[in-house]
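Trainee: when you get a sec, could you give me coordinates for this:
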Amino acid sequence: MIVEYDEKGKYYTDVISKDIVFSHIQTQSNQIHGFVHVRKGERLSDEVNETTPFLAVTNAEICSQQGEVLHTSKFLLVNRSHIIWLMPIDGSFEKPQPEGEY
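Mentor: Below is the predicted model:
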C-alpha cells in the first residue's frame, strides 16, 4: 500500500475504506440479500446513486419471490437499473458476518 502525506500531515492511500451494510435488494424477478460496501461517512443512498452502472454486493444470496435461495456468490454485480428497491437491515436482525477481506 502506498501512503502519501501533504504539508499539513493529511495522508492519502490507494485503499478506500468502506463500511458494510447488510441489505435486501428487490429486482423485477428476484430478491438479493448481501453486503453493500459504502464509503466511510456516506449513506447507502449515496452508493446507490453513483453513476457507475453496477452495484457490488458481497456474500450474496439470490432468492426467488417466495424466499427460496436459488444461488449464492461471494461477489455479485447488480445492474442499478434493475433495482426496484433496496433496504438496509439494521442490527436488530440477525445477520451473517462477511468472510474475509474484499
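
Trainee: which strand or helix spans residue 55?
Mentor: According to DSSP states H and E, residue 55 maps onto strand 54-63.

Trainee: check which helices and strands that strand sits against.
Mentor: Counting contacts by 3 or more CB pairs under 8 Å, 6 or more residues apart in numbering; DSSP states H and E, strand 54-63 packs against strand 18-27, strand 31-39, strand 69-79. Heads up, the C-betas are built off the backbone N, CA and C, glycines and all.

Trainee: report the inter-axis angle for the shortest one versus strand 69-79.
Mentor: What that stands for is strand 31-39. Relative orientation of strand 31-39 and strand 69-79, computed by axes from the mean of the first three to the mean of the last three CA atoms, to 10 degrees: 40 degrees.

Trainee: check which residues of the following helix or strand past strand 31-39 are buried.
Mentor: Under the assignment DSSP H and E, the closest C-terminal helix or strand after strand 31-39 is helix 44-48. For helix 44-48, a neighbour-count test (16 or more other CB atoms under 10 Å) marks residue 47 as buried.

Trainee: what about helix 44-48, average pLDDT?
Mentor: Here helix 44-48 scores 82 as its mean pLDDT.

Trainee: with stretch 62-76 instead?
Mentor: 94.

Trainee: put the alpha carbons of it into CSV.
Mentor: Presented in CSV, the C-alpha positions along stretch 62-76 are these (Å, rounded to 0.1, in the frame of the first residue of the first chain):
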residue,chain,number,x,y,z
ILE,A,62,-30.2,-14.6,-4.9
CYS,A,63,-33.7,-15.7,-3.8
SER,A,64,-37.0,-16.3,-5.6
GLN,A,65,-40.0,-14.1,-4.8
GLN,A,66,-41.1,-16.8,-2.3
GLY,A,67,-37.7,-16.6,-0.5
GLU,A,68,-36.2,-19.8,-1.8
VAL,A,69,-32.4,-19.5,-2.2
LEU,A,70,-31.6,-20.1,-5.9
HIS,A,71,-27.8,-19.1,-6.0
THR,A,72,-25.1,-17.9,-3.7
SER,A,73,-22.0,-15.9,-4.6
LYS,A,74,-19.1,-14.3,-2.8
PHE,A,75,-19.3,-11.4,-5.2
LEU,A,76,-22.2,-10.2,-7.4
